[in-house]
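Q: When you get a sec, could you give me coordinates for this:
(chains A and B)
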Protein chains: 2
Amino acid sequence: MQGLIENIFSPAFLMSQNAQQDAAVLSVGQQSLAFTSDSYVVDPLFFPGGDIGSLSVYGTVNDLAMMGALPLYLSASFILEEGLDIGILQKVVFSMQEAAQLAGVQIVTGDTKVVERGRGHGIFINTAGIGLLKEGQNITPQGIRADDAILLNGDLGRHGISIMCAREKLDFEPEIKSDLAPLVAIVQALLQEGIEIHAMRDLTRGGLSSALNEIAQAARLEIALEESNIVISPQVRGVCELLGLDPLYVANEGRFIAFVPAAQVEKSLSIMKSFADLGEHASCIGFVNLSRDALVTIKNSFSQVRILSLLSGQQLPRIC
Amino acid sequence: MQGLIENIFSPAFLMSQNAQQDAAVLSVGQQSLAFTSDSYVVDPLFFPGGDIGSLSVYGTVNDLAMMGALPLYLSASFILEEGLDIGILQKVVFSMQEAAQLAGVQIVTGDTKVVERGRGHGIFINTAGIGLLKEGQNITPQGIRADDAILLNGDLGRHGISIMCAREKLDFEPEIKSDLAPLVAIVQALLQEGIEIHAMRDLTRGGLSSALNEIAQAARLEIALEESNIVISPQVRGVCELLGLDPLYVANEGRFIAFVPAAQVEKSLSIMKSFADLGEHASCIGFVNLSRDALVTIKNSFSQVRILSLLSGQQLPRIC
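A: Predicted coordinates:
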C-alpha cells in the first residue's frame, strides 16, 4: 500500500504533503479545514463492538480528530451488492446514524450504486469528512520536539483481533470486542485544557508500530518505547500468541498516540483517564530522541532494546 | 434507488433537504460550501470518450458546478480487486490527474483498499468534492419562477450509449463517444455574465426525463418541452431505436439544464454557444408553468402533447 501511494498516487495527485497525514489541510475562503476520505470494506459487516456502519463514521471522524479538527460533516456513499438483504442495510444505516450523533457530526450528502452479485461484497461504504481547524492549528509530525513524550490512550489490538475472531469463527471466552470509538471528545478535551499536542496519529491499519515508524520517517527522529508501559489485555495477548501475531502491529479503531511536551505528561494523562472507556489505561509509552536515525526502538522489562520495524509481510486484509 | 433514498437514507441522515440536489450546502465558519460524494463503478473501465478516472473527477466536479459552486478540492478513494493489472491503475490515475487539471481542482486526500477476487470488479472509485459558494448564492428547484426558460447545452444520450456499445461490444461506425466533460467553465461564464440561473441539474442517471421529473416534483410545477428543440444525433437515435431505448432517459455526463428568466434566453444561449464542444448545440427546450400538477409534458413536431413520466423499469446499470 505504501508502495502504491509513493509510486502512483503521490506523483499524480497533490497528496505528497498529505500522504503521511490522516487528512488534508485546506484553505477555503477565510477558513482552514481538514478533509479526509476512507472506503470501508470490513469483512464481516458485523463484529463484536461494531459494524461497517459505525466503523465508517468513527474511522473518518477520527482521521479529522487526529488533525486537531472539529469534525462537522460527513458524506456517505454506498456500493451495494445485488441481492443484499435490505434489513442488513437498514441495520447498518441505523448504526451510522447513531454513531454520527455520538460523534457530533451530520451526514449531509451521499450516493448509492448497485453492482452485480460477485462484483461486490454485501456493502462497501465510503465516507468523506470535513472538520474545522482553528487558526494557526498545526498538528503534524514536523511539530515534534526533542524529548516529547508519547502518550497512548489504552490497550492495543482489540479491533483487529475481534475482526479475526468474527471472520474465522473463533470463539474465545470472554469475547474480545473491538475498541471502535470516536476520539473527538478526548482530543478536544486535551486541546481545550491547553495541552500542546505536537503530533497525533490513530493506530489503525498496521497498529502502533506502523504509525510510529511512519512518524519517525516523516520527521527524521528516533522514538524510544518502554514495552512495560504498553497495555495489552491478557485475552488479546493470548489470541495473538495462538495466531502468531504481534499485537503491536494489529489494528485499533479507538486508540491514538499524542506527542506532548514532557512537562505536560501528568496533566495530559489525568485528562485522558477521565474518559472511562477511552482513557482509563492511558499511559506514557516512550520519548523522542532527535537523531539522524529514523527508527523506533523498544525496551523490554529486562532492559533489552530491539528495533521495531515496519511490517514487511502480509497484513490482515479487510479489517476496516 | 429513489425508494432507497426515501425509505432508508433520508430518515436516517440529514439529507432530506439535500436529497433532491446534487450537493449539500454547508456553513463552515464564515464560509458557505457545497459538498458532494459519488462512487463510480462504471463497467467497462475504459469507454470511448473517457474512463472511470476522468468520469470520477468530472462527475463530482459537475455536481458542485450545478450548485453554482466553484469546485476546489477532491478526495479520491479506491477499492481495488486483487490481481488488478497495475498498468490499468496507472492509466486511470493519470486520467484523473489530467481531468483534475482541466477542471481546475486539486486531489488532496485519498485512500486505497484491496478486496479479494470476486469481491470487487477491477477498480471502484469514490470522489468527494468541496466547492466554494458565493454569499447569497442559492440555486435550487425552489428558485424556479413562472415562465422560466429551460436551456440545454447539447445533444443527448451519448454517454449511456457509448457505455452500452463498449460493454456489449457493439461496433457502430462512426464510434459514439461519451459526452463526458467538466461543466465548471460554462456555468461560471453564465454566472459571471449576470445570468440569473434559478436552478440547474446535470443529466446523468435517468437522463433529461428523470432530472426534469425530479425538479417538477420538488418544486411542484409543470414543465412543458418542445421535442423539436432537443438535439439527438442520428447515430444515438439509431442505436436507441435498435436497442429499444428512449434517448430522453439515457445518461449524459456533460449535459445540463439551466432554468433562467425568459428575457435572458438569447444572451444565455450566445454565452453557451461560445463553448465549442460543450455548447454549440445549446437550445431552449421548454418553459415552466406554475400549476398544481407536478409533471413534465412534451410536444412533438405534430403539436401532439404527451406526458414524460419517471422511468419505472430497469435502468441501464453501472453507467457511472
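
Q: Relative to B:A76, how far out is A:V105?
A: Applying C-beta to C-beta, to the nearest Å, the value for A:V105 to B:A76 is 21 Å. For every residue, glycine as well, the C-beta is placed using N, CA and C.

Q: and the angle from the helix or strand harbouring A:L74 to strand B:70-81?
A: Using DSSP states H and E, A:L74 falls within strand A:70-81. Compare the direction of strand A:70-81 with that of strand B:70-81 by axes from the mean of the first three to the mean of the last three C-alpha atoms, to 10 degrees and you get 50 degrees.

Q: I'd say A:F124 and B:I79 touch.
A: Yes - using C-beta atoms under 8 Å, A:F124 is in contact with B:I79, at 6.0 Å.

Q: residues shared between the contacts of those two?
A: Jointly contacting A:F124 and B:I79 under the rule C-beta atoms under 8 Å, 6 or more residues apart in numbering or on different chains are A:S39, A:V41, A:I79, B:V115, B:F124.

Q: and of those, the nearest to A:N252?
A: Distance to A:N252 across the shared contacts of A:F124 and B:I79 (C-beta to C-beta) is lowest for A:V41, with 17.8 Å.

Q: Helices of the stretch 101-250 of chain A, residue ranges please.
A: Ranges of helices in the stretch 101-250 of chain A, per DSSP state H, counting those that start in this stretch, are A:158-168, A:184-192, A:207-219, A:234-243.

Q: With only the CA atoms kept, save the longest one in PDB.
A: If I follow you right, that is helix A:207-219. Provided in PDB are the C-alpha atoms of helix A:207-219 (Å, rounded to 0.1, in the frame of the first residue of the first chain):
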ATOM      1  CA  GLY A 207      -1.200  -0.800  14.500                       C
ATOM      2  CA  LEU A 208       1.200   1.200  16.900                       C
ATOM      3  CA  SER A 209       4.300   0.000  15.200                       C
ATOM      4  CA  SER A 210       3.400   1.200  11.700                       C
ATOM      5  CA  ALA A 211       2.100   4.600  12.900                       C
ATOM      6  CA  LEU A 212       5.300   5.200  14.900                       C
ATOM      7  CA  ASN A 213       7.600   4.100  12.000                       C
ATOM      8  CA  GLU A 214       5.700   6.400   9.600                       C
ATOM      9  CA  ILE A 215       6.100   9.300  12.000                       C
ATOM     10  CA  ALA A 216       9.800   8.500  12.700                       C
ATOM     11  CA  GLN A 217      10.500   8.600   9.000                       C
ATOM     12  CA  ALA A 218       8.400  11.600   8.200                       C
ATOM     13  CA  ALA A 219      10.100  13.700  11.000                       C
END
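
Q: Now it: buried residues?
A: If you call a residue buried by 16 or more other C-beta atoms under 10 Å in any protein chain shown, then helix A:207-219 has these buried ones: A:G207, A:L208, A:S209, A:S210, A:A211, A:L212, A:N213, A:E214, A:I215, A:A216, A:A218, A:A219.

Q: I'd like the residues you listed as a markdown table, with distance to chain B appended.
A: Shown next, in a markdown table, are the buried residues of helix A:207-219 (distance: C-beta to the nearest C-beta, whole Å):
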| residue | distance to chain B |
| --- | --- |
| A:G207 | 17 |
| A:L208 | 20 |
| A:S209 | 20 |
| A:S210 | 15 |
| A:A211 | 16 |
| A:L212 | 21 |
| A:N213 | 19 |
| A:E214 | 15 |
| A:I215 | 18 |
| A:A216 | 22 |
| A:A218 | 16 |
| A:A219 | 20 |
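
Q: possible to save these as CSV with pLDDT and distance to A:K273?
A: Shown next, in CSV, are the buried residues of helix A:207-219 (pLDDT from 0 to 100; distance: C-beta to C-beta, whole Å):
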residue, pLDDT, distance to A:K273
A:G207, 95, 22
A:L208, 97, 19
A:S209, 96, 24
A:S210, 94, 26
A:A211, 95, 22
A:L212, 96, 22
A:N213, 95, 27
A:E214, 92, 27
A:I215, 94, 24
A:A216, 94, 27
A:A218, 89, 29
A:A219, 90, 27
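
Q: Show the pLDDT at the residue in the stretch 151-300 of chain A positioned nearest to chain B.
A: The stretch 151-300 of chain A approaches chain B most closely through A:R205 (9.6 Å), counting by C-beta to the nearest C-beta. Reading off the confidence values, A:R205 has pLDDT 90.

Q: repeat for A:Q137
A: A:Q137 is given a pLDDT of 85.

Q: and the gap between the residue in the stretch 101-250 of chain A that chain B sits nearest to and B:I130?
A: Nearest to chain B in the stretch 101-250 of chain A, going by C-beta to the nearest C-beta, is A:A128, at a distance of 3.3 Å. Relative to B:I130, A:A128 is positioned 9 Å away (C-beta to C-beta).

Q: and the residue positioned nearest the centre of chain A, what is it in contact with?
A: Of all residues in chain A, the one closest to the mean position by C-alpha atoms, centre = their mean is A:D202, 3.1 Å from it. If a contact means C-beta under 8 Å, 6+ apart, then A:D202 has A:D22, A:N62, A:D63, A:A65, A:M66, A:L183, A:A211, A:N252, A:E253, A:R255, A:F256 as its contacts.

Q: for chain A, which spans come out with low pLDDT?
A: A:1-2, A:5-6, A:14-20, A:312-315 (pLDDT under 70).

Q: That one - how does it break down into domains?
A: Per the record, chain A has its domains at A:22-133, A:141-307, by automatic domain parsing.

Q: how far away is the closest residue to the residue of the stretch 151-300 of chain A closest to chain B other than its chain neighbours from A:G49?
A: Take A:R205 and drop its neighbours on the chain: the residue closest to it by C-beta to C-beta, 6 or more residues apart in numbering or on different chains is A:A251, 5.4 Å away. According to C-beta to C-beta, A:A251 stands 13 Å off from A:G49.
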